[in-house]
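J.: Give me coordinates for this.
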Amino acid sequence: MNENKQMAGDRSGLEYLREMLKDWHGSAMAETLNFRLVAVDDGSATFEAIPGPQFYNPQLRMHGGYCAALIDSAMGVAVQTKLPAGTGYGTIEMKVNYVRKLTAEHGPLRCIGTVIHSGRTMFTAEARVIDQDGKLYAHGSGTFLVYPK
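T.: Okay, here's the model as predicted:
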């Protein structure tokens, strides 16, 4: 993601993200992990992810860090949708629950992040990782520090 345009302070987080959706050019991490931002709205963000065996742990299932990164991304972008121009944020805490085994055959996945609380300096959010049938694989929550750029 090219942060330079938003860092100029001329667009809100939601405006920036809506523009990004028109011409997706994900971050190196998102591309490495096969994540793609597919929808944003005020207080919510949805990513699509294509899991693959290259992300397996020694037990031949998805490494927990894969879902954790996906959940952090969806929550963080949901937070970003609520921010005015010139404002940044960062994850300060997150918790993830894994509820069932996940393999490459379960993809593609969706991860929907939603803001729960938006304060002046602190936000909380949650996210859920689901398959195409709506089956839940992981969910998480997090706290985000908001700061001016």
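
J.: longest single helix anywhere in the protein?
T.: helix 64-80 (DSSP state H).

J.: residues of that one that come out buried?
T.: In terms of neighbour count (16 or more other C-beta atoms under 10 Å), helix 64-80 has its buried residues at 66-80. For every residue, glycine as well, the C-beta is placed using N, CA and C.

J.: ditto for stretch 92-103
T.: 94, 96, 98, 102.

J.: quick one: average confidence on it?
T.: Across stretch 92-103, the average pLDDT comes to 97.

J.: packing partners for the longest helix of the chain?
T.: helix 13-22, strand 35-41, strand 44-49, strand 87-98, strand 109-118, strand 122-130, strand 136-148 (3 or more C-beta pairs under 8 Å, 6 or more residues apart in numbering; DSSP states H and E).

J.: Ok, which of those comes nearest residue 59?
T.: Nearest of these to residue 59, taken as C-beta to C-beta: strand 87-98 at 12.1 Å.

J.: before we move on, back to that, so which of the helices and strands packed on helix 64-80 gets nearest residue 58?
T.: strand 87-98 (15.8 Å).

J.: Neighbouring strands - and their directions - for the closest one?
T.: strand 136-148 (antiparallel) (DSSP bridges).

J.: Give me the contact list for the partner strand.
T.: 67-68, 71-72, 75-76, 79, 83, 86-100, 102, 106, 109, 116, 119-131 (C-beta atoms under 8 Å, 6 or more residues apart in numbering).

J.: The nearest residue to residue 69 once chain neighbours are set aside and residue 74, how far apart?
T.: In space, residue 69 comes closest to residue 33 once its chain neighbours are excluded; the distance is 6.0 Å by C-beta to C-beta, 6 or more residues apart in numbering. To residue 74, residue 33 is 12 Å away according to C-beta to C-beta, to the nearest Å.
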